[in-house]
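1. Fold the following and give me the result.
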Amino acid sequence: MRHTLLGVAQRIAIIAVCLAFGPASTADAADAVSEERLKETMKRATTAMVEKVAHRGGYVWAYLPDMSRRWGELEARASMIWIQPPGTPSMGHLFLDAYHATGDEYYYQAAEQVAGALIAGQHPSGGWNYVVDFVGEESLKQWYATVGRNAWRLEEFQHYYGNATFDDGGTAEAAKFFLRLYVEKKDARYRPPLDRVIGFMLESQHPIGAWPQRFPKTDEFSHSGRPDYTGYLTFNDDVAAENIEFLTLCYQALGDERLREPINRAMNAYLVTQQPAPQAGWALQFTPDLKPAGARTYEPAALATHTTAGAIEQLIEFYRLTGDEKYLARVPEALDWLDSVRLPLTQRLGGATHPTFVEIGTGRVLYLHRTGSNVFNGHYYSDYDPRETVGHYSSTRHIDVDALRALYQKTRTLPRDELTRGSPLVHAEARGADKLPRYFSRVPRAFADTEDEAIETRARRVIAALNADGFWLSPLRMNSHPYTADGTAEKAAGNFSKAQVGDATDTSPFFTREKIPAISTATYIRNMNVLIAALRMEKR
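-> Prediction:
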């Protein structure tokens, strides 16, 4: 659950760390990293990214130091930038955060370069695709027909739709960036792209309140005989939650009254899509007539436990934003359903507590499998057999139902006035451009670390790790087979059922342990967040 409006989770990399350690003690102060050193390191690292890495102001996710290869979610061309976090908009948010922490106009100028890249890549409808190719649409189509088409597990890249997507938070991240950039100095250049993306969200919203995965709608790609799912009501990857957050931030900062009704309708979409007890959960997606629907061929039409946990968090947040009891009314039913589908103790491997997918009606666990070696000879399917499940998409999840239940109980006990304090939907004094959070930057969960050290200790380590060229090199997290040719109908030798990647023609990324040095936007953002946190502590 995100509490950007209340200034908590979206700034956790900075604020939570500061609060956790509180004011520095006398001993800590003696060992504190100087403000001058913090700023100097931040500036060197940022100059390297802006002047040596950026392409027309934009970024992908990872680069080899010699720039011979680069990746977003898939391998990218030198002419490309990536929109999905931690790509171009994420870098823009970091630059604005650094500007707020230092007052140095260099960071604002870097954010403006990001804005230029995003404006150039904004789809005419107002949203963004996953990726932008500055060579042009024909080049992008050719990339989709080669690299994208052969990415076996990344089915969303196997077809070029030519529209924009809400998937993986890319459009929402870019939208929030333009809201922040416009509010910062009221520069009129940034109001048109902001207005276009607001219009995109309003136009694409289903009458029931949720959003499709892609828009404008097309029915061009029927995969393995399944209908095109990209126009369905989408809760997967926080599509609805991210869009609600953006529109509420716009209402908070701009006071645009036309946004209240779409916000309320979107929150109500969670209510009307919750399934009846005893299976009172949610699916990844729903058809326009509100039936649970599948998506990619390894995402069956079933109830999803992680999506249900996210919906519970969102309903509690909606209650905090509105004080309306209806958002809590059926939360206990959803919690009870999650309790009822816990995995047996003998199946709780690696911290897993729940199955990912539960069959509607029977309540049986659905496990995910695949056969073949590439996109041309392989296929996915689900059944009741827990053996030999796919390695790149887990058939189980860790869900802390007890923590969700405790959050629900605590929320129920708080007075309404205390609960809704700071909500722009309830209190007029919570609205205004100056009410936006100052710090937004975050690293997506998949790229986050779990280090639990004092911020000063981490800051020293971050400073020491910056190399002579101004980069924080880190091991390449994901590698991929370069595209050389399409896969064939003949299966390659070997068992790929549990592997992250198929044969040598599969362009899907896979985790690598080769310790290949790389320049990573996620590493840059994470380390800059540490230095910003230390700088803010130093100024107290």
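2. And the pLDDT for residue 223?
-> pLDDT, residue 223: 87.
3. got the contact list for it?
-> By CB atoms under 8 Å, 6 or more residues apart in numbering, residue 223 lies in contact with 155, 158, 159, 296, 297. For every residue, glycine as well, the C-beta is placed using N, CA and C.
4. burial measure for the nearest residue to residue 222 once chain neighbours are set aside, as a count.
-> Among residues not flanking residue 222 along the chain, residue 228 sits closest, at 5.9 Å (CB to CB, 6 or more residues apart in numbering). For residue 228, the count of nearby residues is 17 (other CB atoms under 10 Å).
5. A helix includes residue 228, no?
-> No - counting by DSSP: H, G, I helix; E, B strand; the rest coil, residue 228 is not part of a helix but coil.
6. Quick check: it touching residue 221?
-> Yes - judged on CB atoms under 8 Å, residue 228 makes contact with residue 221 at a distance of 5.3 Å.
7. Going along the chain, name the helices of the stretch 301-450 of the chain.
-> For the stretch 301-450 of the chain, the helices defined by DSSP state H, counting those that start in this stretch occupy 305-322, 331-340, 401-413, 416-420.
8. Return the most buried member of the ones you listed.
-> helix 305-322 (a mean of 23; mean count of other CB atoms under 10 Å).
9. so what's residue 435 up against?
-> By CB under 8 Å, 6+ apart, the residues touching residue 435 are 252, 253, 424.
10. which non-adjacent residue is nearest residue 389?
-> Leaving aside its chain neighbours, residue 389 sits nearest to residue 395 (4.5 Å; criterion: CB to CB, 6+ apart).
11. Same check on residue 215?
-> residue 204 (3.8 Å).
12. Could you do residue 304 as well?
-> The nearest residue in space to residue 304 (CB to CB, 6+ apart) is residue 284, at 5.1 Å.
13. Confirm residue 111 sits in a strand?
-> No - when classified by three-state DSSP, residue 111 is found to be helix rather than part of a strand.
14. Tell me how far it lies from residue 46.
-> 11 Å (CB to CB, to the nearest Å).
15. So for those two, which sits in the more crowded spot?
-> Counted by other CB under 10 Å, residue 111 and residue 46 do not tie: residue 111 has more neighbours, with 24 against 21.
16. Now do the strands for the stretch 201-350 of the chain: every range, in order, please.
-> All strands of the stretch 201-350 of the chain, identified by DSSP state E, counting those that start in this stretch, fall at 214-215, 233-234, 285-286, 292-293, 303-304.
17. Which strands or helices does the longest strand anywhere in the chain pack on?
-> When the chain is parsed with DSSP state E, its longest strand is strand 365-371. For strand 365-371, the packing partners by 3 or more CB pairs under 8 Å, 6 or more residues apart in numbering; DSSP states H and E come out as strand 354-355, strand 357-358, strand 379-383.
18. Take these and write them to TSV, including distance to residue 198, mean pLDDT and mean neighbour count.
-> Output for the helices and strands packed on strand 365-371, formatted as TSV (distance: least, CB to CB, whole Å; pLDDT from 0 to 100; neighbours: other CB atoms under 10 Å):
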stretch	distance to residue 198	mean pLDDT	mean neighbour count
strand 354-355	37	98	23
strand 357-358	35	98	26
strand 379-383	37	98	17
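19. now these as a markdown table including distance to residue 70?
-> Below are the helices and strands packed on strand 365-371 laid out as a markdown table (distance: least, CB to CB, whole Å):
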| stretch | distance to residue 70 |
| --- | --- |
| strand 354-355 | 36 |
| strand 357-358 | 34 |
| strand 379-383 | 29 |
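20. hang on, the earlier thing: of the contacts of residue 223, just say which sits nearest to residue 417.
-> Nearest to residue 417 among the contacts of residue 223, counting by CB to CB, is residue 296 at 44.6 Å.
21. Can you give me the distance of that closest one to residue 247?
-> The value you get for residue 296 to residue 247, if CB to CB is used, is 27 Å.
22. out of the two, which sits in the more crowded spot?
-> Per other CB under 10 Å, whichever of residue 296 and residue 247 has more neighbours is residue 247, with 22 against 19.
23. looking at the protein, which helix or strand is least sure?
-> Using mean pLDDT, DSSP states H and E, helix 17-21 stands out as the lowest-scoring helix or strand of the chain, at a mean of 32.
24. How much space separates the residue nearest to residue 230 when sequence neighbours are not counted from residue 164?
-> Spatial nearest neighbour of residue 230, chain neighbours left out: residue 214 (4.0 Å); criterion: CB to CB, 6+ apart. Between residue 214 and residue 164 the distance is 7 Å, computed by CB to CB.
25. Can you tell me the element the closest residue to residue 56 other than its chain neighbours falls in?
-> The shortest distance from residue 56 to any non-neighbouring residue, by CB to CB, 6+ apart, is to residue 117 (5.3 Å). If you go by DSSP states H and E, residue 117 is part of helix 105-121.
26. and that helix, what does it pack onto?
-> Applying 3+ CB pairs under 8 Å, 6+ apart, we find helix 105-121 packed against helix 35-48, helix 88-102, strand 131-133, helix 170-185, helix 191-204.
27. Buried residues in it, which are they?
-> By 16 or more other CB atoms under 10 Å, the buried positions in helix 105-121 come out as 106-108, 110-115, 117-119, 121.
28. Mind putting those into JSON lines with distance to residue 400 and pLDDT?
-> What follows is the buried residues of helix 105-121, written out as JSON lines (distance: CB to CB, whole Å; pLDDT from 0 to 100):
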{"residue": "106", "distance to residue 400": "42", "pLDDT": "98"}
{"residue": "107", "distance to residue 400": "37", "pLDDT": "98"}
{"residue": "108", "distance to residue 400": "40", "pLDDT": "98"}
{"residue": "110", "distance to residue 400": "38", "pLDDT": "98"}
{"residue": "111", "distance to residue 400": "36", "pLDDT": "98"}
{"residue": "112", "distance to residue 400": "41", "pLDDT": "98"}
{"residue": "113", "distance to residue 400": "41", "pLDDT": "98"}
{"residue": "114", "distance to residue 400": "36", "pLDDT": "99"}
{"residue": "115", "distance to residue 400": "39", "pLDDT": "99"}
{"residue": "117", "distance to residue 400": "39", "pLDDT": "98"}
{"residue": "118", "distance to residue 400": "36", "pLDDT": "99"}
{"residue": "119", "distance to residue 400": "41", "pLDDT": "98"}
{"residue": "121", "distance to residue 400": "38", "pLDDT": "98"}
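29. quick one: low-confidence ranges for the stretch 301-450 of the chain?
-> Within the stretch 301-450 of the chain, the stretches with pLDDT under 70 are 450.
30. Try it again at 90.
-> Along the stretch 301-450 of the chain, segments meeting pLDDT under 90 span 346-347, 349, 442-450.
31. from what I can see residue 232 touches residue 288, true?
-> Yes - if you go by CB under 8 Å, residue 232 and residue 288 touch, sitting 7.2 Å apart.
32. ok, those two, which is more surrounded?
-> Shown here are residue 232 and residue 288; by other CB under 10 Å, residue 232 has more neighbours (27 against 14).
33. I'd like to know the predicted local confidence at the more buried one, please.
-> pLDDT at residue 232 comes out at 97.
34. cool, the one 4 residues further on as well?
-> At residue 236, the predicted lDDT confidence score is 96.
35. how close does it get to residue 188?
-> For residue 236, the distance to residue 188 (CB to CB) stands at 36 Å.
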